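In: Just a sequence and a predicted model for now, questions to come.
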Amino acid sequence: MSIFERIETVDKRLKKANLNDFEDRIRKLILIEFAQRGKAPKIGEIAGMYGYPLEMVKEAVRKLEEADVLAVDEDEITFAYPFSASKTNHAVVFEDGRKVYALCATDALGIHFMLNEPILIVSECPYCRRKLEIKLEDGKIAFYEPDEIVKYVAIEKKCGCSAKALCPFINFFCSREHLEKWKKDNLEYAGGEVYSVEEAVKYGKSIFENLLR
């Protein structure tokens, strides 16, 4: 059984959160705005944009944060799976030039299936810092470069939210060779799992394809 089958991914957490219609509407609005802007609107801005009572929006966001669906710093939403408001190792570029950042390699792949838009993922090998590119369109891999890319999940989720306890340790490497070299330099993270790009796409799809449906 893979790590992704053992841990509580965001789709599983959403099923447990028991959101009402309003709370789920707020969640979806936040994701849509993230995709358009590269960041989420402030909590007060959400209320003003859509004419919702501020206290209702605050309570919805509080419940979403409690369920580890997003995180808030004062009035700012710092992330909402799969998006990060700050720069990460995984940039996702849309055909119209928009750019967003994903929390991890799996989340970057999942954005294509969540939004049903062609995307180009631009990442870096943690060992050599070589640029890595993966393009997805029409639910399939269009190409990836270099052709030896693998995804590595370095640890299982420990304590805290997934964005801090798991996501930083889910990355693409340019090759198995460089992954093995990185593991020798980072022995505390050596007990993870390796996935091909095709396997990684499968997990990204399974986790994120229904998040806006």
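Out: Noted; the coordinates are in hand. Residues are numbered from 1 along each chain as shown.
In: Going by neighbour count, which residues of the least confident helix or strand in the chain by mean pLDDT are buried?
Out: None of the helices or strands of the chain scores lower by mean pLDDT, DSSP states H and E than helix 3-6, at a mean of 75. Burial within helix 3-6, assessed by neighbour count using 16 or more other C-beta atoms under 10 Å, is assigned to 3-4. To be clear about C-beta, it is placed using only N, CA and C from the backbone, and glycine gets the same treatment.
In: Which strands and helices lie in contact with whichever helix or strand comes after it?
Out: Downstream of helix 3-6, the first helix or strand assigned by DSSP states H and E is helix 10-17. Judged by 3 or more C-beta pairs under 8 Å, 6 or more residues apart in numbering; DSSP states H and E, the packing partners of helix 10-17 are helix 197-208.
In: Now the helix it packs on: average pLDDT?
Out: Averaging pLDDT along helix 197-208 gives 97.
In: what's the angle from it to helix 10-17?
Out: Note on geometry: by axes from the mean of the first three to the mean of the last three C-alpha atoms, to 10 degrees, helix 197-208 and helix 10-17 are set 20 degrees apart in direction.
In: that older thread, packing partners of the least confident helix or strand of the chain?
Out: Using 3+ C-beta pairs under 8 Å, 6+ apart, helix 3-6 sits against helix 197-208.
In: Buried ones in the helix it packs on, by neighbour count?
Out: Across helix 197-208, burial judged by 16+ other C-beta under 10 Å covers 197, 200-201, 203-208.
In: In a markdown table, list those residues along with distance to residue 147.
Out: What follows is the buried residues of helix 197-208, written out as a markdown table (distance: C-beta to C-beta, whole Å):
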| residue | distance to residue 147 |
| --- | --- |
| 197 | 9 |
| 200 | 14 |
| 201 | 15 |
| 203 | 20 |
| 204 | 19 |
| 205 | 21 |
| 206 | 24 |
| 207 | 25 |
| 208 | 25 |
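In: What about residue 93, how many residues nearby?
Out: Using other C-beta atoms under 10 Å, residue 93 is surrounded by 16 other residues.
In: I meant to write residue 37 there.
Out: Neighbours of residue 37 (other C-beta under 10 Å): 13.
In: so the nearest residue to residue 144 once chain neighbours are set aside bridges to which residues?
Out: Excluding the flanking residues, the one nearest residue 144 by C-beta to C-beta, 6 or more residues apart in numbering is residue 134, at 4.3 Å. According to DSSP bridges, the partner residues bridging residue 134 are residue 121, residue 144.
In: quick one: residue 134 from residue 120, how far?
Out: Per C-beta to C-beta, to the nearest Å, residue 134 is found 7 Å from residue 120.
In: Compare those two and say which is more crowded by neighbours.
Out: Applying other C-beta under 10 Å to residue 134 and residue 120 shows that residue 134 carries more neighbours, namely 26 against 18.
In: pLDDT weak spots in this structure?
Out: 1, 155-160 (pLDDT under 70).
In: Check the buried residues of helix 197-208 against residue 111 and report the nearest one.
Out: Checking the buried residues of helix 197-208 against residue 111 with C-beta to C-beta, the nearest one is residue 208 at 7.0 Å.
In: distance of that closest one from residue 182?
Out: From residue 208 across to residue 182, the span is 26 Å (C-beta to C-beta).
In: quick revisit: from residue 98, how far off is the residue nearest to residue 144?
Out: Distance, residue 134 to residue 98, by C-beta to C-beta: 17 Å.
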